[in-house]
Each structure stands twice: as C-alpha cells, then as structure tokens.
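Peer 1: Return atomic coordinates for the entry below.
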Amino acid sequence: MADRHAAHLLIGGGIASATAAATLRAEGATGSVLLVGRELDAPYHRPPATKEYLRGSASKADALVHPAGWWAENDVELLTRTSVTALDPEARTATLSTKETVSYDTALLATGAMVRRLSLPGTELDGLHYVRALMNADMLKRDLASAEARHVVLVGGSYIGCELAASLTEMGFRCTVLMLEEEPMERGFGPRVGRHVRALLEAHGVTVRGGVDVEGFAGAERIERVLLAGGEELAADAVVAGVGATPDVMTARKAGLALGDLGGVACDAGLKTSADGLWAAGDMCEYESVLHGRTTRIEHEDLAAKQGAHVARAMLGSTAPFAEVPYFWTDLADWSSFEHVGAAKDWASEELDGTPGSGPFGVRYLDEQGRLVAALSADGGGDLDAARAELAARVPA
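Peer 2: The predicted structure follows:
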C-alpha cells in the first residue's frame, strides 16, 4: 500500500514539469499535484547557463521558471533533491529516494537528458568542463579564476560551443572552437549560415577550426594541451565540451516502458507512453509527430514547455495530438541572435531573404517538392510568424 497519493505526479525537475504544473492549475485541476526532481533547485531555465548567468548579468532567481512563492500559492508540492528510484506503471505507484511510495492517477515522466561526455585519453585531468546546468556554469567560473586561465578551448561547434565562445570572449578569455563539421552550427542551419556564424565569431576574436578531430588531452594534473588528429597539439588552460546529450531513460527502462529508435521514451501523437495514465515530455520524449509526418525527438526548451502544457491538458481529458511547431533560439552574447522554427532533419534547397553579413536576414528551408520545412531568422530578418503559420497549416485536420 502506498504511503501517500497524488492526483497528478510530475517526475523531473525541469521546465516540462514546471509548465505542466502551471497548466494543470490554470485549466482548473483541483486534485493534488506533486513535482519530484533530483535537482538541487526549483525548476529553472537552462539557456542562461551559457549566456547571461555565466556572464554574471542574471542571477539564479532570474532563471527560475516560477517565482519562489508560486508553488505554495498554487498548491503545488515541490520536492527537490528527490528522485524516483522505481516506477510501477501498472500499479500506478512511484518509489522515491526518501523510501516513500506515492500512488497517482496520472503522471508525467520528464527526466530530460544527460550531457554526453567525451571518452578520450586525458579526460580524467582537471580543467575539463560540461555546461548544461547553472551549477556547471558556477564550477566553470570558479575553475577559470583559480587556474588564472586565459585560453579556453571549446570542443563542439553547435549551439553550446558557440554560445560559450561568445560569452567567455565577452568575459575576457581567448577562445578557440574545434569541431568535426566544417562550419559552426551548420548541422542545424546549413553551411551558408555556418559560414556567417564563423565570420561573426572570428570578427570578435574567436578562433574557429572546422574539420578537426580531437584525440585526447595531456598535462600534469590539469589539461595543458589538446591533442588533435595528425599529431598537432594545441595549448589550453581549460576545455569545455559541448558534444550533445543523451536522453535520460533509466527510470523508463526500469519501469518496462517502450523505448524508441531515437533513444527516447516511445510516445504516441498525444505524448502518451506505452502505459495508461503516463505521458512523457521534453528531451527524452520520442513522439509520433503529426507535423513532421515521422517519429521525432527534439531537445529545445520551448518545445519541452509546450509538451508539458499539452500533457497537463491530456491529464484532464484532452485527446488532441501534439501539433506545435518547434521553436528554438540562440544568442551569441549581444553580437547576434538567431530564431528557428520547424526543426527539419534535412532539406533540399534554401531561399534567402537578405544577405548574411549585411544586416538582418532570413532563410527558408525547402524540401524536394519546394515545401517549407524550416525557417531561420537572424537578428529579426525574414518573417518567422508567416513561416510558423505555413508549417502549422500542413498538420492534417
């Protein structure tokens, strides 16, 4: 027999669960709501970790999804530093790290993703960092200060690597970005926009090297050199790796939930898992997308929030599919801002509105039939609202 009961159990301390809690109350849910998260803090926005929080222009309180008093005011119980050690979907119970067992009517599984760590010689040395949480940003700043670091090497040329390079440069560090692809951010935006990002970074003093394979690190107790394929060695005072993340499906796997081919928890078009009364949202949610016409899994904070809200409505009886157009943004200090809708896996051609390097511009990404599959706005260029509406119109009635 369970020790206690929650009408709605939210597993995971990120923005998906926080948004689900808010939506439940906004939609009139009267039952008890319990959010359980292993994080030390209440749910917060993660993007500031590589941007304004790292640079010191925003505090931890600024990053919170809800103000500190919101939880009590909305009668939502928040348990931080608490994890679910066992989930029994058939019995609809969850065992917490406190040894307490909670029964539930409906539940959300939103355990997010874990940073992908490098498996290379020398990763045991001091001076190697990963930035996914505010705590990681704190540790990075302390380490750079104590080591009197001047040169930071960023491994990975996607959003995290480029954002960190911009922020650290603004903080007075010399930065080098190393990546397997030829241009920064080209995997999401294409090589033409990648060349624009490279020029932007280089104009502010960042060294960008594409087509580079990192083979390891060397030093006495701390990383002093980055070892590259071909025998080259690059001096470094610290290294930050931004090489992606992997869905955290440990709880789901132990519970016997179906997993998908993309590494996440398999969900239907409404984000329901293989178990009754249990939905998933966020980075570990792999769902049948009515928008994309395929199974997809997307690691964007905005989409995680929208999925959390969708699940809350599903808990209250909605059977609608999740049909939101994915939206993503990235800022490189105050140098430039990019917004993107669609999250296309690939595309056949691009249409430019404006010219990269000559002010704001937009890019429309088209498939082989000439249909829009994604769109990018750089510094406000293009018409992102029109692109979003065009993409949404493709969802079957």
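Peer 1: what's next to stretch 195-208, contact-wise?
Peer 2: Applying Cβ atoms under 8 Å, 6 or more residues apart in numbering, the contact partners of stretch 195-208 are 157, 162, 165-166, 169, 174-177, 183-185, 189, 210, 332-333, 335-336, 356-357, 378. All C-beta atoms are positioned from the backbone trio N, CA, C, and that covers glycine.
Peer 1: Make a PyMOL selection of the buried ones in the residues you listed.
Peer 2: Here is the PyMOL selection string for the buried members of these, based on 16 or more other Cβ atoms under 10 Å:
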select buried, resi 157+162+165+166+169+175+176+177+183+184+185+189+210+332+333+336+356+378
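Peer 1: Okay, and which of the contacts of stretch 195-208 map to helices?
Peer 2: 162, 165-166, 169, 189 (DSSP state H).
Peer 1: so Pro43 touches Leu10, yeah?
Peer 2: No - Pro43 is beyond contact range of Leu10, at 9.7 Å (criterion: Cβ atoms under 8 Å).
Peer 1: more neighbours, those two?
Peer 2: Neighbour count, other Cβ atoms under 10 Å: between Pro43 and Leu10, Leu10 has more, with 34 against 27.
Peer 1: Which strand or helix spans Ala309?
Peer 2: Using DSSP states H and E, Ala309 falls within helix 301-315.
Peer 1: Please identify the buried residues of that helix?
Peer 2: Neighbour count says helix 301-315 has 301-315 buried, by 16+ other Cβ under 10 Å.
Peer 1: What pLDDT does the model give the nearest residue to Met171 once chain neighbours are set aside?
Peer 2: With sequence-adjacent residues excluded and distances taken as Cβ to Cβ, 6 or more residues apart in numbering, Met171 is closest to Arg55, at 6.1 Å. The per-residue pLDDT reported for Arg55 equals 97.
Peer 1: quick one, what contacts Arg55?
Peer 2: 167, 170-171, 333.
Peer 1: Would you point out the most distant pair within the residues you listed?
Peer 2: Farthest pair in those (Cβ to Cβ) is Met171 and Ala333. Separation: 9.5 Å.
Peer 1: Please name the nearest non-neighbouring residue to Tyr321.
Peer 2: Careful, residue 321 is Pro and not Tyr. Pro321 sits nearest to Ala269 (Cβ to Cβ, 6+ apart), 3.8 Å away.
Peer 1: ok, the one you found - how many residues close by?
Peer 2: If we define neighbours as other Cβ under 10 Å, then Ala269 has 16 of them.
Peer 1: Show the contacting residues for it.
Peer 2: 287-290, 321-322.
Peer 1: mind running it again at 6 Å?
Peer 2: 288, 290, 321 (Cβ atoms under 6 Å, 6 or more residues apart in numbering).
Peer 1: just Ala235 next, same as before
Peer 2: Arg225.
Peer 1: Let me know the pLDDT of it.
Peer 2: On the pLDDT scale, Ala235 gets 97.
Peer 1: switch to numbering from 19
Peer 2: OK, 19 is where the count begins now, so the last one is Ala253.
Peer 1: Could you check how far it is from Ala167?
Peer 2: Distance of Ala253 to Ala167, given as Cβ to Cβ, to the nearest Å: 11 Å.
Peer 1: quick one, what contacts Pro339?
Peer 2: Pro339 neighbours (Cβ under 6 Å, 6+ apart): 287-288, 308.
Peer 1: Ok, Thr98 next?
Peer 2: The neighbourhood of Thr98, defined by Cβ under 6 Å, 6+ apart, consists of Gly55.
Peer 1: Swap in 10 Å and give it another go.
Peer 2: 31, 53-61 (Cβ atoms under 10 Å, 6 or more residues apart in numbering).
Peer 1: Number of residues surrounding Ala44?
Peer 2: Around Ala44 there are 12 residues (other Cβ under 10 Å).
Peer 1: ok, it touching Val94?
Peer 2: No - contact criterion Cβ atoms under 10 Å: Ala44 and Val94 do not qualify, at 11.6 Å.
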